[in-house]
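Undergrad: coordinates only, sequence not included:
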């Protein structure tokens with residue numbers, strides 16, 4: 001059966017997760033994890049993505065973010081600034097000079113073509129994650145002998161409703177190292193947003209450290225019944241089944257007593 005299309009939504013919150021090939025512990029080095037965090041922040045700034053939370057584990061990563069809606073085409077100045085953040089000042093200057101050359105020759109259609117090529121890489125969950133995974137793949141293989149991609153296939157993404165569902169998802173992500181018994185408290189893990197200023201709305205550690213959070217599986221939409229059913233209606237054509245409905249999550253998950261997508265009716 002063909003896989004279903006990824007659900008995309010303007011101004012949406014996403015939980016993104018991807019694993020290493022064969023679930024190998026490739027990121028068990030602290031310096032490498034720190035480099036990956038740095039790459040994540042650069043790619044988020046380049047893509048115009050707002051990070052809510054993140055956690056870099058030894059064999060996978062979690063990202064909770066918002067993909068904002070652009071009011072219009074991004075201006076040239078902002079594109080150059082973002083390229084400078086991602087690729088450095090030299091790359092930004094090279095593009096600036098290239099565009100100046102096009103303008104000098106009155107080739108304004110080439111200017112727009114070049115800018116649109118970069119615009120397509122911004123404000124998009126797939127392009128954001130693809131760029132992040134590609135750069136991590138490159139930096140890992142510079143330091144270690146490895147053939148092929150370090151990643152195990154397609155990343156998973158879940159659209160998250162704002163409010164309690166987003167807060168619970170952030171808790172789940174930042175509590176990963178505690179569940180894995182790597183640290184006693186989430187704040188002791190250096191490679192997650194728990195020590196960052198991203199998730200200021202998350203309750204103090206004592207409010208949730210004793211709770212047990214579990215992954216929701218392959219759900220594509222997470223939120224209230226109304227939210228999930230509305231998104232199913234909008235994205236009906238993205239699924240390879242006409243029998244798609246919302247179902248209540250009754251076990252203890254980060255979607256506690258909310259609703260997620262069921263691929264088929266029982």
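TA: Structure received. Here the structure is a predicted model, which means the values were calculated and not measured.
Undergrad: in the helix or strand containing residue 230, what's buried?
TA: Secondary-structure assignment from DSSP states H and E places residue 230 in helix 225-234. Residues of helix 225-234 classed as buried by neighbour count (16 or more other C-beta atoms under 10 Å): 227, 228, 229, 231, 232. In short, each C-beta sits where N, CA and C put it, glycine included.
Undergrad: Which neighbouring elements make contact with that helix?
TA: Using 3 or more C-beta pairs under 8 Å, 6 or more residues apart in numbering; DSSP states H and E, the elements in contact with helix 225-234 are strand 221-223, strand 245-248, strand 259-262.
Undergrad: Paired strands for the first one, with orientation please.
TA: Using DSSP bridges, the neighbouring strands of strand 221-223 in the sheet come out as strand 156-160 (parallel), strand 259-262 (antiparallel).
Undergrad: Which one of these has the poorest average confidence?
TA: Mean pLDDT values for the strands paired with strand 221-223 show the minimum at strand 259-262, a mean of 67.
Undergrad: contacting residues around residue 128?
TA: 43, 44, 47, 49, 65, 67 (C-beta atoms under 8 Å, 6 or more residues apart in numbering).
Undergrad: tell me which residues in stretch 45-53 are buried?
TA: Buried residues in stretch 45-53 (16+ other C-beta under 10 Å): 45, 46, 47, 48, 49, 51, 52, 53.
Undergrad: where along the protein do the helices fall?
TA: For the chain, applying DSSP state H gives helices covering 30-47, 76-87, 89-104, 108-119, 125-143, 164-174, 176-179, 225-234.
Undergrad: ok, and which of the ones you listed has the densest surroundings?
TA: With neighbours defined as mean count of other C-beta atoms under 10 Å, the helices of the chain peak in mean count at helix 164-174, which reaches a mean of 23.
Undergrad: quick one, it and helix 225-234 angle?
TA: Counting by axes from the mean of the first three to the mean of the last three C-alpha atoms, to 10 degrees, helix 164-174 lies at 90 degrees to helix 225-234.
Undergrad: now helix 164-174: mean pLDDT?
TA: 87.
Undergrad: Equivalent analysis for stretch 12-29, please.
TA: pLDDT averaged over stretch 12-29 gives 94.
Undergrad: Contacts made by it with the rest, please.
TA: Counting by C-beta under 8 Å, 6+ apart, 33, 36, 52, 56-67, 125, 129, 133, 140, 144, 148-152, 154-162, 166, 169, 173, 222 sit against stretch 12-29.
Undergrad: As TSV, the buried residues of stretch 45-53 with pLDDT and distance to residue 113 would be great.
TA: Shown next, in TSV, are the buried residues of stretch 45-53 (pLDDT from 0 to 100; distance: C-beta to C-beta, whole Å):
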residue	pLDDT	distance to residue 113
45	96	24
46	97	20
47	95	20
48	94	20
49	94	24
51	94	31
52	94	34
53	94	37
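Undergrad: how about those, which pair is most distant?
TA: Comparing every pair within the buried residues of stretch 45-53 by C-beta to C-beta identifies 46 and 53 as the most remote, at 19.1 Å.
Undergrad: quick one: least confident helix or strand in the chain?
TA: When the helices and strands of the chain are scored by mean pLDDT, DSSP states H and E, strand 259-262 comes last with a mean of 67.
Undergrad: coming back round to it: want to try a markdown table for the helices of the chain, with distance to residue 259 as columns?
TA: Formatted as a markdown table, these follow (distance: least, C-beta to C-beta, whole Å):
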| stretch | distance to residue 259 |
| --- | --- |
| helix 30-47 | 28 |
| helix 76-87 | 36 |
| helix 89-104 | 44 |
| helix 108-119 | 35 |
| helix 125-143 | 21 |
| helix 164-174 | 9 |
| helix 176-179 | 23 |
| helix 225-234 | 4 |
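Undergrad: Just give me the lowest mean pLDDT stretch among these.
TA: helix 225-234 (a mean of 83).
Undergrad: can you list the residues that contact that one?
TA: So helix 225-234 is contacted by 7, 9, 159, 161, 221-223, 244-246, 248, 259-261 (C-beta under 8 Å, 6+ apart).
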